[in-house]
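[1] Here you go, sequence then predicted model.
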Amino acid sequence: MARMASATSAPLTVGFDLDMTLIDSRPGIRACYQALAERTGTFVDADLAVTRLGPPLAHELRNWFPEEEVPAMADLYRSMYPRYAIAATPALPGAREAVAAVRAAGGRAIVVTAKYEPNAALHLRHLGIEPDALVGDLWAEAKAQALREHAAAVYVGDHLGDIRAARAADALAVTVATGPFGADELRAAGSDVVLADLTAFPRWLAGYLAEAGGAPDAPEAARA
């Protein structure tokens, strides 16, 4: 049974990851890697790269470029990204409704992502998803700084690194099986709640708040 801590005066804040949580960034990232490969003359297996989204860009670039070239390639990729990736990237099912559910409960929805923040903002603007705050360029446990600063009680992601982020922030780790890991893997890694996708989030949130007393004031995250 989930344990709920006592409520505070702060409004409920729910953090969301971006890639493969709110958006299906695979088509856009694939196109951008293909364009980078053509631009540089260096082979990049874009189909493989999009199966392991989550970590910072440099982690993937090291598979294709010498270490000393990675910073320059990251800058080039980011400069090309708006042209190739934004229009090609759809919202995942339930993404807008999940953010709306937090707002309907009187809470705040924030996005905390490893993606370069200006490009993350372009995605959200293009798709009409308007969080109360956006923090980019953070990965795994480093996300905890932003989650703590915004007093997030819940962090929703798709990656094992997102579970680690929630743990480090003492937030409830809610995961969706829309990224590189299946439900069993997410549970085994310590996710408190595993959902098939964000279409299940509003109903889960309603139950979470009911167990907490029905108020939009956020309890510290309880462990399932």
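    Sure thing, it's come through. Numbering: from 1, shown residues only.
[2] what number of residues lie near the residue lying closest to residue 141 once chain neighbours are set aside?
    The shortest distance from residue 141 to any non-neighbouring residue, by Cβ to Cβ, 6 or more residues apart in numbering, is to residue 168 (4.4 Å). C-betas here are computed from N, CA, C, even on glycine. Neighbourhood size, residue 168 [other Cβ atoms under 10 Å]: 17.
[3] same check, this time on residue 182
    11.
[4] Quick check: it vs residue 130, distance?
    31 Å (Cβ to Cβ, to the nearest Å).
[5] Can you read off the backbone torsions of residue 159?
    Backbone torsions for residue 159, taken as degrees, to the nearest 10, come to phi -120, psi 160.
[6] Is the closest residue to it other than its chain neighbours in a helix, a strand, or coil?
    Distances taken as Cβ to Cβ, 6+ apart put residue 54 closest to residue 159, at 3.9 Å, once the chain neighbours are dropped. Following DSSP: H, G, I helix; E, B strand; the rest coil, the label given to residue 54 is coil.
[7] what residues are up against residue 54?
    19, 20, 114, 139, 158, 159, 160, 161, 162, 179, 180 (Cβ atoms under 8 Å, 6 or more residues apart in numbering).
[8] Quick check: of those residues, which lies closest to residue 202?
    residue 158 (17.6 Å; Cβ to Cβ).
[9] My read is that that closest one contacts residue 178, right?
    Yes: using Cβ atoms under 8 Å, residue 158 is in contact with residue 178, at 5.5 Å.
[10] Need the overlap of contacts for those two.
    Common neighbours of residue 158 and residue 178 (Cβ under 8 Å, 6+ apart) are 20, 21.
[11] average pLDDT across stretch 17-26?
    Mean pLDDT, computed over stretch 17-26, is 98.
[12] now do stretch 105-118
    For stretch 105-118, mean pLDDT rounds to 98.
[13] Kindly report the same for stretch 57-77.
    98.
[14] Just the buried residues of that stretch, please?
    Applying a neighbour-count criterion of 16 or more other Cβ atoms under 10 Å, the buried positions in stretch 57-77 are 57, 60, 61, 64, 65, 70, 73, 74, 76, 77.
[15] would you list those residues in a markdown table and tack on secondary structure and distance to residue 121?
    Below are those laid out as a markdown table (DSSP: H, G, I helix; E, B strand; the rest coil; distance: Cβ to Cβ, whole Å):
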| residue | secondary structure | distance to residue 121 |
| --- | --- | --- |
| 57 | helix | 16 |
| 60 | helix | 21 |
| 61 | helix | 22 |
| 64 | coil | 27 |
| 65 | coil | 26 |
| 70 | helix | 24 |
| 73 | helix | 22 |
| 74 | helix | 18 |
| 76 | helix | 20 |
| 77 | helix | 17 |
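[16] before we move on, which element is residue 109 in?
    Assigned by DSSP states H and E, residue 109 belongs to strand 108-112.
[17] mind listing the strands for this structure?
    7-11, 13-16, 108-112, 133-135, 154-157, 172-176, 193-195, 217-219 (DSSP state E).
[18] what does the fourth one contact?
    By Cβ under 8 Å, 6+ apart, the list of residues contacting strand 133-135 from outside reads 108, 110, 111, 112, 113, 117, 120, 121, 124, 143, 146, 150.
[19] Please report how far the residue nearest to residue 28 when sequence neighbours are not counted lies from residue 126.
    Nearest residue to residue 28, sequence neighbours excluded (Cβ to Cβ, 6+ apart): residue 85, at 3.1 Å. Using Cβ to Cβ, residue 85 is found at 10 Å from residue 126.
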